[in-house]
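S.K.: Just need the structure, nothing else, for what follows:
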Amino acid sequence: MHSNRTSRAGLPPGTLLDEAPDIPAHTRLIHYGEQGAIQEEADATLERFKNVCAITDSAVSWMHVQGQPDRAFLEELGMRFDVHPLALEDIQSREQRPKLDDYDEHLFVVLNVPRWQDDDVVLEQFSLLLGEGYVISIHDSPNDISQVVRERLARGRSRLREHGADYLMYALMDLVVDQAFPVLESFGENIEQLEANLIVEPRREMLNTIQTGKRTLIRMRRQLWPTREVISRLARDVHDEPLMDDGLRPYLGDLYDHTVQLMELMDTYRDVVSGLMDIYLSSVNNRLSDIMRTLTVISVVFIPLTFITGLYGMNFAAFVTNPWTQPLLRWKYGYPFVWFVMLMIVVGMLGFFKRRGWIMQKQ
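M.R.: Down below sits the predicted model:
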């Protein structure tokens, strides 16, 4: 169950809540260097990870936590790696906006992983701790995206193997940011389909879809904006950060460009979604105009028919010698003749309306 900020009301900063996680946490330890095989262990303890980190062989140690760690795990993490209590609180909150905190012994970064689920965007917290020769990543989700990075490490001469822990942190940040591209692609496909449906057959429930799309973009933009600031700050201050190599600056600059592309893409979709309301109103007005035109044509067609039937419905006596009596009343073909006249009037009026383009228009 995601922590609610109201449950922390009145508690001192850095307090950890004793609550059972919805997603059990599983750990994976990876230890690698530029040469040699990769050491990988599943469900490794923090004590084991601490011992591996103590090996001074210029290698990188990485612990990935998939799921929601409980209070005991976070307390042990803080004890063994001297993690600041505020960072531990942010990890447990699972509702933290993207941020960068520079502590004495480590860098703490919080990002959010967007995921497309049931035609909506779900944001999952991804926390990173960078220390001397080690990285700890915590992904609040059952979906493991770190497999991509592990596969890159498995390749013999990958760039990841040639660099330190700071490059691993960059690779994980790049992985998180890139998750937004397929999400926005799926969002764009839904918007295009909605736009096509609005033009063909606008329905009231489509308004809810439009509003949901607006809220989704606002939520993603609210998360991506501070993400861009985090990356910009890292790229700007990398030469002053002892845990990061100055050669990482170009890579962080490229990652920053990715966030700019995402922001521009979201701005484009925001304009499209805003225009969907205009399309909906225009389509509804067009349908209303079609209905009114149909009703008007029917009314106009029936005006002469109503006049004829009303005229012959008057109850005047049919005197044969009276020159002012109604015609055709005594004629045996009078009734079918009147029907024929009315039918010709209808056909003539419909033909006139069609020539003017008022009915039977091609779509």
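
S.K.: Break down the chain into its strands, ranges please.
M.R.: Along the chain, the stretches classed as strands by DSSP state E are 26-32, 39-42, 60-66, 99-102, 107-117, 120-131, 134-139.

S.K.: could the ones you listed go into a markdown table alongside mean neighbour count and mean pLDDT?
M.R.: From N, CA and C alone the C-beta is placed, and that goes for glycine too. Shown next, in a markdown table, are these (neighbours: other CB atoms under 10 Å; pLDDT from 0 to 100):
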| stretch | mean neighbour count | mean pLDDT |
| --- | --- | --- |
| strand 26-32 | 20 | 93 |
| strand 39-42 | 13 | 90 |
| strand 60-66 | 23 | 95 |
| strand 99-102 | 16 | 94 |
| strand 107-117 | 21 | 93 |
| strand 120-131 | 20 | 93 |
| strand 134-139 | 24 | 96 |
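
S.K.: Just put these in JSON lines and tack on distance to residue 339.
M.R.: Formatted as JSON lines, the strands of the chain follow (distance: least, CB to CB, whole Å):
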{"stretch": "strand 26-32", "distance to residue 339": "84"}
{"stretch": "strand 39-42", "distance to residue 339": "89"}
{"stretch": "strand 60-66", "distance to residue 339": "81"}
{"stretch": "strand 99-102", "distance to residue 339": "83"}
{"stretch": "strand 107-117", "distance to residue 339": "64"}
{"stretch": "strand 120-131", "distance to residue 339": "61"}
{"stretch": "strand 134-139", "distance to residue 339": "80"}
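
S.K.: Of those, which is nearest residue 226?
M.R.: strand 99-102 (6.6 Å; CB to CB).

S.K.: For the closest one, which strands pair with it and how are they oriented?
M.R.: If you go by DSSP bridges, strand 99-102 pairs up with strand 107-117 (antiparallel).

S.K.: quick check: angle from the strand it pairs with to strand 120-131?
M.R.: 160 degrees (axes from the mean of the first three to the mean of the last three CA atoms, to 10 degrees).

S.K.: Taking their axis directions, strand 107-117 and strand 134-139 sit at what angle?
M.R.: For strand 107-117 against strand 134-139, the angle by the same axes, to 10 degrees is 30 degrees.

S.K.: Quick check: phi and psi on residue 140?
M.R.: Phi and psi for residue 140, reported as degrees, to the nearest 10, are phi -80, psi 70.

S.K.: Appreciated, that's everything.
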